[in-house]
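Engineer: Quick one, fold the following:
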Amino acid sequence: MRSSASRASTVLVGLAAIAALVAGCTASPGPSGAPSATPSSSAPVAEPSASAEPTPEPTPTFDPAADAEANRPVVDAALAPLAQAGGIPAGRAVADALTGAGIPLSALQVTPDETAIGLAVDALLLSVLTGETCVLGQFDGDGYTSTTAPVLSTGQCLIGATASLD
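Structural biologist: Numbers count the residues shown, from 1 in each chain. A predicted model of the protein is given here:
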């Protein structure tokens, strides 16, 4: 029985020590009886104000000296409003959007937006020549997609008939 009493007193002493440690970690009351603030080791974090507007992302700009991969975001951003409108845009609208983004007309190719018998096309292809590479884009029933590829041996990006953009 003595060992049980000894163990019990050891447990009680241990619990008392833990309680003393925990009590030392709590805030002590200030002069008014309210807990005093404990100093913080980190600087306060400024809360964003409700009137702060998010910083807009910078608009990418066309770089004629860069490759197609670097200029692809410019092409995609310029064509985003046409893609969001849905459907297959007119070739002139594509050319206007791209030249409006600073891409020279001489770098563009767009396939015709009508068939030989005057029907709407199922897809409109476009390209932007930049150095020795091309940004290739396509509008079709599924929307807009783009990729990059090396320039063809002809010095152009698309094969076949393209629309006159003059």
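
Engineer: count of neighbours near residue 126?
Structural biologist: 28 (other CB atoms under 10 Å). Backbone N, C-alpha and C define where each C-beta goes, glycine included.

Engineer: cool, and residue 83?
Structural biologist: So residue 83, with other CB under 10 Å, has 17 neighbours.

Engineer: can I assume residue 56 sits in a strand?
Structural biologist: No - secondary structure assignment (DSSP: H, G, I helix; E, B strand; the rest coil) places residue 56 in coil, not in a strand.

Engineer: From residue 85, how far off is it?
Structural biologist: 22 Å (CB to CB, to the nearest Å).

Engineer: Looking at those two, which is more packed in?
Structural biologist: residue 85 (9 against 6).

Engineer: So for the more buried one, what's the pLDDT?
Structural biologist: If you check residue 85, the pLDDT there is 96.

Engineer: Ok, the one 4 residues further on next?
Structural biologist: Listed pLDDT for residue 89 reads 97.

Engineer: Tell me how far it lies from residue 96.
Structural biologist: 10 Å.

Engineer: And for residue 159?
Structural biologist: Where residue 96 is concerned, residue 159 sits at a distance of 24 Å (CB to CB).

Engineer: Comparing these two, which residue is more hemmed in?
Structural biologist: residue 96 (16 against 10).

Engineer: Provide the secondary structure category for the more buried one.
Structural biologist: helix.

Engineer: same thing with residue 128?
Structural biologist: strand.

Engineer: so what's residue 143 closest to, chain neighbours aside?
Structural biologist: residue 83 (5.9 Å; CB to CB, 6 or more residues apart in numbering).

Engineer: In three-state terms, label that neighbour for me.
Structural biologist: helix.

Engineer: I'd say it and residue 137 touch.
Structural biologist: No - Residue 83 lies out of contact with residue 137 (CB atoms under 8 Å); the separation is 9.3 Å.

Engineer: any shared contact partners between these two?
Structural biologist: residue 144 (CB atoms under 8 Å, 6 or more residues apart in numbering).

Engineer: now the helices for the protein?
Structural biologist: Assigned by DSSP state H, the chain shows helices spanning 2-25, 68-85, 91-100.
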